[in-house]
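K.L.:
3D, please:
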Amino acid sequence: MDAHPGSVTPPVPVPRGSTPSGDGVVVGTGQVDVDVYIDFQCPFCKQFELMSRPTLDRLVAERAIRLIYHPMNFLDAVSDTAYSTRAGAASAAAADAGRFAEYTHTLFVNQPPEGGPGLSDGQLVELGRLVGITEPTFAEAIRTGRYLPWPPYVTERAIARGVAGTPSVFANGVPVAARPGPILAAVDAVLA
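P.N.:
Sure, this is the predicted structure:
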């Protein structure tokens, strides 16, 4: 947790596998931090996920990167059900179940139209079942809103960092184009 003046205290609880500041979920144990800022209602984030996932999965498997996802709620204003926040909160519950990456991918594959109501809580629970989450605590976390404070906190931290849109990608703190080639080049440059 940040201890300097003006730092933001993370909401409690934060999901399992969170960064020390609580504003992202870590996947993998590599040498290069790749931070990815996403919104589950953002069509460009879906494109990024579908295009970049094979490269990111390979870099995680090779232990080249620590992939850190930051689920934001930029697009809540265009949803009458705060879908970005609810999907981000559901991804936090999936992190607790050890299935964050799989669930994130499934959320994007099943992304509802931007500006609509989004998926229902029941549909978010069902997507968890599709990726093997069977623990009742997952559905309970979604239905009780356990992690609803988390995406607004992630967004606040991202805006403080200068993130102005999604998807945004950083490799060891340096902005990188949100495409597989530039990400791979940035990681290779750090590892060289």
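K.L.:
report all helices and strands that the longest helix seen in the chain contacts.
P.N.:
As assigned by DSSP state H, the longest helix anywhere in the chain is helix 43-61. Contacts defined by 3 or more Cβ pairs under 8 Å, 6 or more residues apart in numbering; DSSP states H and E place helix 43-61 against strand 32-38, strand 65-71, helix 100-109, helix 180-191. Bear in mind the C-beta positions are built from the backbone N, C-alpha and C, glycine included.
K.L.:
tell me which of the ones you listed lies nearest to residue 164.
P.N.:
strand 32-38 (9.7 Å; Cβ to Cβ).
K.L.:
which residues of the protein score low on pLDDT?
P.N.:
Scanning the chain for pLDDT under 70 picks out the ranges 1-9, 11-12.
K.L.:
got TSV for the helices and strands packed on helix 43-61, with mean neighbour count and distance to residue 150 too?
P.N.:
Below are the helices and strands packed on helix 43-61 laid out as TSV (neighbours: other Cβ atoms under 10 Å; distance: least, Cβ to Cβ, whole Å):
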stretch	mean neighbour count	distance to residue 150
strand 32-38	24	14
strand 65-71	25	8
helix 100-109	21	13
helix 180-191	16	25
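K.L.:
show me what contacts residue 92?
P.N.:
14-15, 25, 71, 141, 146-147, 150 (Cβ atoms under 8 Å, 6 or more residues apart in numbering).
K.L.:
of these, which belong to strands?
P.N.:
Secondary structure from DSSP state E places 25, 71 of the contacts of residue 92 in strands.
K.L.:
which of the contacts of residue 92 tops the neighbour count?
P.N.:
Most neighbours among the contacts of residue 92, by other Cβ atoms under 10 Å: residue 71, with 33 neighbours.
K.L.:
SS state for the closest residue in space to that residue that isn't next to it in sequence?
P.N.:
Nearest residue to residue 71, sequence neighbours excluded (Cβ to Cβ, 6 or more residues apart in numbering): residue 88, at 3.6 Å. Following DSSP: H, G, I helix; E, B strand; the rest coil, we place residue 88 in the helix state.
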